[in-house]
Structure formats: C-alpha cells, structure tokens
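Mind looking at a prediction? Sequence and model below.
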Amino acid sequence: MTSALKIKDWSQEKRRALSAVELVTKLVDLPGWRLDGDGENVAIEKTFEFANYFETMAFVNAVALIAHQQDHHPDMSVHYNRCVVRWNTHDVGGVSTTDLDCAARVDALLAQP
Ligand SMILES: C[C@H](O)[C@H](O)[C@H]1CNC2=NC(N)=NC(=O)C2=N1
C-alpha cells in the first residue's frame, strides 16, 4: 500500500557531529534552542509552553509526525502545559545538521499563521 507519507532515508548520507563552534554559530538562527549535555550526550533542546494538556499533546503528536517522516526521533519530556524537545543524532554521537533541520521544522509548526 503506497503512503502519502515519505520517509527520509539516511543510509546514503554521510553525517557527522558538529563542532562546538559550528553549533553555537548555527544556534543563532534557532531562537530558544540551547545546547545541553556534553560529549556523546550533547543535544539541542527547547521548551514549548501551551495553554493546557490537550494543546501540549497535539504538539507532541505533530512532532511525532516530523520524527517519523525524517526518521529522526527526539527525546521529549511532556508536562501539563509544556513539552521539552531534545535533539541529538545518536548515529554520530553528537548534534548533526539533521538535529538543526528538525528543530527548524518543529519551530515551523508554531510559526505565526
Ligand atoms: C536506522 C534508523 O534510520 C536510525 O537508527 C535513525 C533512527 N532515528 C534516529 N533518531 C535520532 N535522534 N538519532 C539517530 O541517529 C537516529 N537514527
């Protein structure tokens, strides 16, 4: 059965962990995202706040669609009116451009309509 949902295939792409300088430079273009952790656990994370639990869960599901489509999965901590999204590329043991791209996709979900 064909699906309208196309899934990213990373198998042919060479990815690497970005350096601290690269990361800090690129985070300038991702307002609200910050570095967290170090070594292989370094990640970028951002807290999104909502009016209530239903809105928070709607956001979590929208992020899950991005994760499925991009074959790239964030850690999320889900609370009554907020969700913390944390991106890291475990395949490269750091933060890759995939994480930055997915962070921008998540921000786009909430861009001014
Ligand atoms: C085989 C599959 O494409 C890989 O395991 C994907 C799945 N989702 C992933 N998600 C994240 N956050 N990092 C990865 O390196 C990763 N790799």
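On my side now, so go ahead. Numbering: from 1, shown residues only.

Now do the contacts for the residue in the chain that the ligand sits nearest to.
The ligand sits closest to D91 of the chain, with a gap of 3.3 Å, by CB to the nearest ligand atom. From N, CA and C alone the C-beta is placed, and that goes for glycine too. Residues in contact with D91, defined by CB atoms under 8 Å, 6 or more residues apart in numbering, are 10, 15.

sec struct for it, please.
Under DSSP: H, G, I helix; E, B strand; the rest coil, D91 falls in the coil class.

Can you name the residues of the chain sitting close to the ligand?
Counting by CB under 6 Å from any ligand atom, the chain comes close to the ligand at 10, 71-73, 88-91.

What distance do you get for the residue of the chain closest to the ligand to A62?
24 Å (CB to CB, to the nearest Å).

likewise S3?
18 Å.

ok, back up a step: what does the residue of the chain closest to the ligand show for phi and psi?
Dihedral pair for D91: phi -60, psi -30, per degrees, to the nearest 10.

Among the residues of the chain next to the ligand, name the buried ones.
72, 88-89 (16 or more other CB atoms under 10 Å).

okay if I get those as a markdown table plus distance to L110 and pLDDT?
Shown next, in a markdown table, are these (distance: CB to CB, whole Å; pLDDT from 0 to 100):
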| residue | distance to L110 | pLDDT |
| --- | --- | --- |
| H72 | 19 | 98 |
| N88 | 21 | 98 |
| T89 | 23 | 97 |
